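Colleague: fold the stuff below for me.
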Amino acid sequence: MNIDSLMSIAYWAVRASWAAAIPAVLVLAFGEWRSFPVRWRWLLSMVVALRLALPMVPAVAWHPLHWFKAESVAKSAAVSASHAAGSSPHAVMAVWPWVWAAGFAIVMAWLLASQALLWRRIARTSTEADRLTKDVAESCVRQIGLRTPVELRVVPGLTTPAVFGLHRHWLLLPEDLEAKHSYTEVRGMLLHELQHIRSRDSWWTWAGLVLCALHWFNPLAWLCLRRFRADRELMCDARTLEMLSPRQRTAYGQALLKTWENVGRTQPALLTPFLRRNSATYHRILMSLQPTKPHRLVHLLAILLVPALSLFSLTTVKADGDAPKKPGESEATRDGEGAKPGKKKSKRSREGAPREGAPREGDGAKKTGDRDGEGAPKGPRDGDKPKEGPRDGDNPGKKTGPRDGEGGARTGPRDGEGAGKGTRDGDKPKEGAADGDKPKEGDKN
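Modeller: Numbering: from 1, shown residues only. Modelled structure (predicted):
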């Protein structure tokens, strides 16, 4: 993996964590509301997981955060991953990709090491279950309709039944299970664990842990994973209680209480145990003793909340560049490539040449000097005579003389004309000479 890919993933993790903050807070808040339907709360957790996992989400113009201009806040919170290797971003952001990579490697190493140690412990110390426990487990498998093969193993030191494995499912049992629990209690516990195998909760656990490894710096991700696993336990409890009679439900609650007394406060993260010590255990006991259905209004709120939160979380604000053009604004101007409306850039400005200062490359003298081919500022042009002399073709003499080709003074008749008051062409002469006749000596005009 090169540095650019590492920076892209590290900055994506930050952006995704920020985007999933609001739905994560809602999931944690509704987790304390016991009347909220468990199945719908689990779906809310899935919305958070999808937002943390998706590399990108569609941009829409009707996003609620558009009114708060949150797009500019998101852009300033995350540095673009397209920085060149020679650039010098902020010191913290420059170190962040390596810090994120180190944290991700540590969490993944811990998960893989835990998986290897658990498998080694089970392979070396576990033994086969007795015939009675196997018969109870087979009866539970037929009741659930599970087709996945399950292997029962007794593990020394284990305090609660648990499920382990991805491809090969192992149902792990404590050594003193039959000594501390009755037949009805054992049956209820096995039904609960087989529900985990049927729902493939081991895969869900691994998916949640990998997401938390990607977002190891986000405490909300870890809290949502804890809430997610607690809701999975409640869902398996609800399915198990539907298969039990009222007397068997009471025995199931007693099994929870006994396990609470014996189980440790910490359990391996990769195990799916019958019980963990958390705030959801009290809810599980109450649900086994007094199963209730949520109120209609609460159920309707849950149905509306899941799609609303999905639309909010799995979309983002459309960028400013995707907005429609304003009147009089060109595409190049909107993209920052052209000039502002009403202003045109000259060729000299586009090429970046300074208006004042040193001349361009290839220029001769400075701008204040003469151009190429020019003489003195006020001197005569090539081939010109001094201004006081006559022009080419002019006859010498004063300016008041007749021009070239003129017969006499301006008071005389023009070329082809007779006297000033002569007749027009075609008219009969009134008093003067005919057209074209020369005037005789002594005639008057």
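Colleague: Pro23 and Arg200: what is the separation?
Modeller: Between Pro23 and Arg200 the distance is 24 Å, computed by Cβ to Cβ, to the nearest Å. Where C-beta positions appear, they are placed from N, C-alpha and C, glycine not excepted.
Colleague: who has more neighbours, these two?
Modeller: Pro23 (24 against 12; other Cβ atoms under 10 Å).
Colleague: and the more buried one, what does it touch?
Modeller: For Pro23, the contacting residues are 44, 47-48, 51, 309, 312-313, by Cβ atoms under 8 Å, 6 or more residues apart in numbering.
Colleague: tell me which of these fall in helices.
Modeller: Of the contacts of Pro23, the ones assigned to helices by DSSP state H are 44, 47-48, 51, 309, 312-313.
Colleague: what's the closest of these to Gln143?
Modeller: Of all these, Leu44 has the smallest distance to Gln143: 30.5 Å, by Cβ to Cβ.
Colleague: pull the number of nearby residues for that closest one.
Modeller: Leu44 is flanked by 27 other residues according to other Cβ under 10 Å.
Colleague: model confidence for the closest residue to it other than its chain neighbours, exactly?
Modeller: Spatial nearest neighbour of Leu44, excluding adjacent residues (Cβ to Cβ, 6 or more residues apart in numbering): Val27 at 4.8 Å. With respect to pLDDT, Val27 scores 88.
Colleague: what residues sit buried inside the helix or strand containing Val27?
Modeller: Using DSSP states H and E, Val27 sits within helix 21-31. Of the residues in helix 21-31, 21-24, 26-28, 30-31 count as buried by neighbour count, 16 or more other Cβ atoms under 10 Å.
Colleague: identify the residues contacting Leu26.
Modeller: 44, 305, 309.
Colleague: so which of these is the closest to His196?
Modeller: Leu44 (20.6 Å).
Colleague: surely that closest one and Phe30 touch.
Modeller: Yes - with contact defined as Cβ atoms under 8 Å, Leu44 and Phe30 form a contacting pair (6.7 Å).
Colleague: which phi and psi values does Leu173 adopt?
Modeller: phi -130, psi 150 (degrees, to the nearest 10).
Colleague: who touches it in this structure?
Modeller: Here Leu173 is in contact with 129, 133, 152-155, 158, 161 (Cβ under 8 Å, 6+ apart).
Colleague: among those residues, which lie within strands?
Modeller: 152-154 (DSSP state E).
Colleague: out of the residues you listed, who's the most crowded?
Modeller: Leu152 (20 neighbours).
Colleague: for this protein, which segments count as strands?
Modeller: Using DSSP E, strands in the chain cover 59-60, 127-128, 150-154, 162-164, 169-173, 272-273, 316-317.
Colleague: in TSV, list the ones you listed along with mean pLDDT.
Modeller: What follows is these, written out as TSV (pLDDT from 0 to 100):
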stretch	mean pLDDT
strand 59-60	72
strand 127-128	90
strand 150-154	91
strand 162-164	92
strand 169-173	91
strand 272-273	84
strand 316-317	70
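Colleague: which one of the ones you listed lies closest to Phe36?
Modeller: Of all those, strand 272-273 comes closest under Cβ to Cβ, at 23.1 Å.
Colleague: show me the helices in the stretch 51-200 of the chain, by range?
Modeller: Listed in chain order, the helices of the stretch 51-200 of the chain (DSSP state H, counting those that start in this stretch) span residues 70-77, 91-125, 131-144, 177-180, 183-198.
Colleague: in terms of mean pLDDT, which of the ones you listed ranks lowest?
Modeller: helix 70-77 - the lowest mean pLDDT of these, at a mean of 46.
Colleague: let me have the strands of the chain in TSV, adding distance to Leu112 as columns.
Modeller: Converted to TSV, these look like this (distance: least, Cβ to Cβ, whole Å):
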stretch	distance to Leu112
strand 59-60	37
strand 127-128	26
strand 150-154	22
strand 162-164	15
strand 169-173	18
strand 272-273	18
strand 316-317	34
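Colleague: out of those strands, which comes closest to Val141?
Modeller: strand 150-154 (6.7 Å).
Colleague: what sits up against stretch 232-239?
Modeller: With Cβ under 8 Å, 6+ apart as the test, stretch 232-239 has contacts from 38-39, 42, 192, 195-196, 199, 201, 204, 275-276, 280, 283-284, 287-288, 291.
Colleague: how does it look with 6 Å?
Modeller: 38, 192, 195-196, 201, 284 (Cβ atoms under 6 Å, 6 or more residues apart in numbering).
Colleague: stretch 250-268 too?
Modeller: By Cβ under 6 Å, 6+ apart, the list of residues contacting stretch 250-268 reads 159-160, 181, 184-185, 188-189, 273-277, 284-285, 288-289.
Colleague: output stretch 37-56 as CSV, restricted to C-alpha atoms.
Modeller: The C-alpha trace of stretch 37-56 is given here as CSV (Å, rounded to 0.1, in the frame of the first residue of the first chain):
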residue,chain,number,x,y,z
PRO,A,37,-38.8,-2.6,20.0
VAL,A,38,-35.5,-4.5,20.0
ARG,A,39,-35.7,-5.5,16.4
TRP,A,40,-36.0,-1.9,15.2
ARG,A,41,-33.2,-0.8,17.5
TRP,A,42,-31.0,-3.5,15.9
LEU,A,43,-31.9,-2.0,12.5
LEU,A,44,-30.8,1.4,13.7
SER,A,45,-27.5,-0.1,14.7
MET,A,46,-27.2,-1.6,11.2
VAL,A,47,-27.7,2.0,9.7
VAL,A,48,-24.7,3.1,11.8
ALA,A,49,-22.6,0.1,10.7
LEU,A,50,-23.4,0.8,7.0
ARG,A,51,-22.4,4.5,7.4
LEU,A,52,-19.1,3.5,8.9
ALA,A,53,-18.4,0.9,6.2
LEU,A,54,-19.5,2.7,3.0
PRO,A,55,-16.7,4.5,1.2
MET,A,56,-19.1,7.0,-0.3
